[in-house]
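S.K.: give the three-dimensional model of this entry:
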Amino acid sequence: MPKLTFKEVKSELWPAFEKLFGDNGACGGCWCQHWRVPQGGKMWEMAKGENARNVMRQLFVENKVTGLLAFEGDKAVGWCSYGPRTDYPRIERTEAYMRDDTEGVWCINCFFIDKHYRQQGVATAMLEAALKFIKKRKVKVVEAYPVPLTMDGQKLPGAFVYPGPLKMFDDAGFKIIQRISYSRPLVRKALK
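M.R.: Coordinates of the predicted model:
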């Protein structure tokens, strides 16, 4: 694994984030807005691309986004999004993740890794770092929405593993607390 350092995002890290995400905004113009847009369909189609880039830039400028960047030297090689669950309206509206006990809960919901750094343990290292940063904020419970790496016996394409693989969260001590379908487990971990 490369030697990494981790920085929580702040406005001056926008250029590094923007370079990491590239012209396509990571995947399909998302710019890490998938969970921030209240619903999919037309609303999502209108939100992604340049609109999503502008929204994310504004969140950075106003220091209203939480997450971390992984760096090798001066180069950003990975992104991990986390924050209060209430910052992500689409999670609140997704049936598989609806809960009555979400007050004060934070979530880890997206990983993006430079293609030259994948399959090297970067996501696992970012998860570890994210948990440390979240714990410093006195958060008691963190949840995630990982995916199994295979569906119907077929390996999932990398673009669909952005929430992180289930095994990575299992290995980090998260427990499945709700699973209404094979592909949508909700996992949680108490932070002590």
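
S.K.: going forward, measure contacts between C-alpha atoms and count neighbours the same way
M.R.: Noted.

S.K.: which stretches in this structure count as strands?
M.R.: According to DSSP state E, the chain carries its strands in the segments 5-8, 67-72, 75-84, 106-113, 141-144, 150-151, 154-155, 175-179, 185-190.

S.K.: which residue packs closest to the residue nearest the centre of the chain, ignoring adjacent ones?
M.R.: Closest residue to the average C-alpha location of the chain: residue 110 at 1.7 Å, with CA atoms, centre = their mean. In space, and not counting its chain neighbours, residue 110 is closest to residue 163: 4.5 Å by CA to CA, 6 or more residues apart in numbering.

S.K.: and the one you found, how far from residue 62?
M.R.: Residue 163 sits 25 Å away from residue 62, going by CA to CA, to the nearest Å.

S.K.: more neighbours, these two?
M.R.: Neighbours around residue 163 and residue 62, counted as other CA atoms under 10 Å, are more numerous at residue 163. The numbers are 18 against 11.

S.K.: can you tell me how far the residue located most distally from the centre of the chain is from residue 169?
M.R.: Distance from the C-alpha centroid of the chain, by CA atoms, centre = their mean, peaks at residue 153 (25.2 Å). To residue 169, residue 153 is 21 Å away according to CA to CA.

S.K.: please name the bridge partners of the residue nearest to the centre of the chain.
M.R.: Per DSSP bridges, the residues bridged to residue 110 are residue 81.

S.K.: and stretch 98-114, which residues are buried?
M.R.: 105-113 (16 or more other CA atoms under 10 Å).

S.K.: quick one: average pLDDT of the longest helix seen in the chain?
M.R.: In the chain, taking DSSP state H as the definition, the longest helix is helix 122-136. Averaged across helix 122-136, the pLDDT comes to 98.

S.K.: before we move on, what about stretch 60-67?
M.R.: Average pLDDT, stretch 60-67: 94.
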